[in-house]
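1. can't give you the sequence, but here's the structure:
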DNA sequence: CAAAGTCTGTCAAATAGTTAACAAGGCATT
DNA sequence: AATGCCTTGTTAACTATTTGACAGACTTTG
C-alpha cells in the first residue's frame, strides 16, 4: 500500500469516512454502497469510489463495501494501527480541554505529560497527567519517545516551543497558536487556526446579509 | 464589491493575509509587494495578486500594496466592520478557553453569555460573562440579537443545540463537536473537527516512517 | 441455476484552481 | 523631465480535482 500521489484533498476526507463508518459500525450496519454513503456524508458517490480506490479495491461489485473492513482499512491508512506518545505544551484551558478528551486516547494518542511555565499550574494533575515545568521538556521528550506535541500556548510562546522541539526527535506538531511556526527540519505541522476559521464565518455572514 | 463567484479556496486564504498584514502594520511596514509577501506567507506572488484582484485593484504598479489600506480592505471583505453578538453553549474547558480569548473580542465577536446544563457551572462567571442554564437559551438569544453560537458541548449534546438554534434568528454556528450537524434552515455552519485534523497528523507521520 | 438487478472500478469529460508570462503604468533617481 | 526599474492586473496555459458514464462482476431472487 504505497500511498504515492494521493492528494491532500483526499487525505482530508478520510477522517470523515472513518467517523461515519464508526457510527455505522456502532449501529450494526454491515454493508454500505457508495450511493448510500453519499447520501449520508454529502460527497458524490463517484468521489467516494474514486477516493477509496486510491488505496485499493475495498468494495465488491453488486454488494458495496463491508463496513467493518472498510473502517479498519481506513484506520490503517490513517496510521491508527499503533499508539503515539504525545505531550501538551500549555496547560491553560485549551490544553486542559485536550487533555480531557478521551477520544484522542481511544484512537491511540497517548498523553504522557503536560508542560507549562506558570508555577501555579506546575504539579497539577489533569486527567491523571501531570503538568511539568517547561524546563523539563527536552529531557522528558527524549526519554519518553514522544512523537507528537500539541502546542496550546499563547501566540508568543509558540515559536519558542517549536525551536525546542527541533532539538528533539519529535516528529509532529499540532499547533493551536495563531501563528505559522518557522520550522527548518522535516517536522510535520498541522495547524488549528481558530481565528482564521472564525473569520470565514463572518465572511459568509456578511454575504448572507447583503 | 459584489463578491460573486469567489471560490472558497480564496476565502480561506483571506484570514491569513489579514494576519500577516496586521503583523506588518504592528512593525510599521508601510508597503509590500506581492513578491515580498509571497516570501513571507508561502503562496506564490501570482496567487496573491490573483486573490486580491478578485475584490478589486488594491495595488499600484511599480509600488505594490499599501499595508494599512490592504489590511482594512481585507477586514471589510471578511466582515470585520461591525460587531457580532455571540454566545457559547458548553462551559467546559473548551468553552472557557474560547471565552477567555481576547482576540475574538478585539475582532468584534462579542461574547454575551454562556450556557450549560451542568448545575455546577451555572452561575459561574468566566471572563466577566455569566454561565446560564440551558433552559434560558432560546429566550436569551432572541432578546439579545445573538447572531453566532459557538457549540462546545460533547458530541451528544450538539445536535440538540443545533435544533434549538433553528427556532431562533441565529445566523451562524461555529461547531467544535465531532459531528456534522443536521441543519434544515440556511444557518451557516463552520466546523472545527479536531479529531479529523489530528488523524491527518497520524497519516503524515505514518508516511514519514515508511 | 438462470435472469434481473446492483454496484464497483475505471476511464474520460468537465470543472476548478494555480502558476506563468507579459503589457502597461507608476515610481525613483539622476 | 526622461530613463530605467518595479510591480500590478490580466490573460492564457497548465495542473489538479471532481463528476459522469459504463463495462464487467457479483448478488439476489424466484
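-> Great, that's in hand. Bear in mind that the values here come from a model prediction, so they are computed numbers and not experimental data.

2. Name the residues of the longest helix anywhere in chain A that come out as buried.
-> Secondary structure assigned by DSSP state H gives helix A:8-26 as the longest helix of chain A. The neighbour-count check on helix A:8-26 (16 or more other CB atoms under 10 Å in any protein chain shown) flags A:10, A:11, A:13, A:14, A:15, A:16, A:17, A:18, A:19, A:20, A:21, A:24 as buried. In short, each C-beta sits where N, CA and C put it, glycine included.

3. where does chain A dip in pLDDT?
-> For chain A, applying pLDDT under 70 flags the ranges A:1-4.

4. And the strands in it?
-> A:31-32, A:59-60, A:64-66, A:84-89, A:109-116, A:125-126, A:129-133, A:148-151, A:172-175, A:188-191 (DSSP state E).

5. quick one: is the longest one near chain B?
-> Yes - with CB under 8 Å from any CB of the partner chain as the criterion, chain B is reached by strand A:109-116 at residue A:109.

6. Parallel or antiparallel, which strands does that strand pair with?
-> Paired with strand A:109-116 in the same sheet, following DSSP bridges, are strand A:84-89 (parallel), strand A:129-133 (parallel).

7. Give me the residues contacting the first one.
-> In this case it means strand A:84-89. With CB atoms under 8 Å, 6 or more residues apart in numbering or on different chains as the test, strand A:84-89 has contacts from A:95, A:98-99, A:104, A:108-116, A:134, A:137, A:140-141, A:144-153, A:157, A:161, B:202, B:205.

8. do the same with the last one
-> Strand A:129-133 is contacted by residues A:91, A:99, A:111-117, A:121-125, A:140 when judged by CB under 8 Å, 6+ apart.

9. ok, 10 Å please
-> Defining contact as CB atoms under 10 Å, 6 or more residues apart in numbering or on different chains, one finds that strand A:129-133 is touched by A:86-91, A:95-96, A:99-100, A:110-125, A:139-140.

10. And that strand, what's buried?
-> Buried residues in strand A:129-133 (16+ other CB under 10 Å): A:129, A:131, A:132.

11. So what's the residue count around the residue lying closest to residue A:142 once chain neighbours are set aside?
-> Spatially, and ignoring its direct neighbours in sequence, residue A:142 is nearest to residue A:168 (5.6 Å; CB to CB, 6 or more residues apart in numbering or on different chains). Other residues within reach of residue A:168, judged by other CB atoms under 10 Å in any protein chain shown, total 16.

12. For residue A:168, give me its contacts.
-> So residue A:168 contacts A:137, A:138, A:139, A:140, A:141, A:142, A:146, A:149, A:187 (CB under 10 Å, 6+ apart).

13. now swap in residue A:203 and tell me
-> B:3, B:6, B:8, B:11-12, B:14-15, B:77-80, B:188, B:190.

14. out of those residues, which touch chain A?
-> Residues of the contacts of residue A:203 in contact with chain A (CB under 10 Å from any CB of the partner chain): B:3, B:6, B:8, B:11-12, B:14-15, B:77-80, B:188, B:190.

15. And the furthest pair within the residues you listed?
-> Maximum pairwise distance in those, criterion CB to CB, is 18.6 Å, between B:8 and B:80.

16. ok, and which of the contacts of residue A:203 reach DNA strand C?
-> Filtering the contacts of residue A:203 for neighbours of DNA strand C using CB under 7 Å from any atom of the strand leaves residue B:8.

17. in chain A, which residue is closest to the centre?
-> residue A:174 (7.5 Å; CA atoms, centre = their mean).

18. Show me what from chain A comes close to DNA strand D.
-> Contact residues (CB under 7 Å from any atom of the strand) of chain A with DNA strand D: A:7-10, A:43-44, A:46-47, A:49-50, A:60-63.

19. Most neighbours among these, which one is it?
-> The most crowded member of these, judged by other CB under 10 Å, is residue A:49 (18 neighbours).

20. residues touching the residue nearest to that one when sequence neighbours are not counted, list them.
-> Distance criterion CB to CB, 6+ apart; nearest residue to residue A:49, sequence neighbours excluded, is residue A:34 at 4.8 Å. Each residue near residue A:34 by CB under 10 Å, 6+ apart is listed here: A:41, A:43-52, A:59, A:64-65.

21. Apply 6 Å and report the result again.
-> For residue A:34, the contacting residues are A:45, A:48, A:49, by CB atoms under 6 Å, 6 or more residues apart in numbering or on different chains.

22. Which one of the residues you listed is nearest to residue A:178?
-> Checking these against residue A:178 by CB to CB gives residue A:48 as the nearest, at 34.2 Å.

23. Which single residue in chain A comes nearest to DNA strand D?
-> Nearest residue of chain A to DNA strand D: residue A:62, at 2.2 Å (CB to the nearest atom of the strand).

24. Next, count neighbours for residue A:82.
-> Neighbour count for residue A:82, taken as other CB under 10 Å: 8.

25. any idea how far residue B:197 is from the closest residue to residue A:54 other than its chain neighbours?
-> Distances taken as CB to CB, 6+ apart place residue A:6 nearest to residue A:54, at 5.3 Å, with adjacent residues excluded. Note on residue A:6: its distance to residue B:197, by CB to CB, to the nearest Å, is 17 Å.
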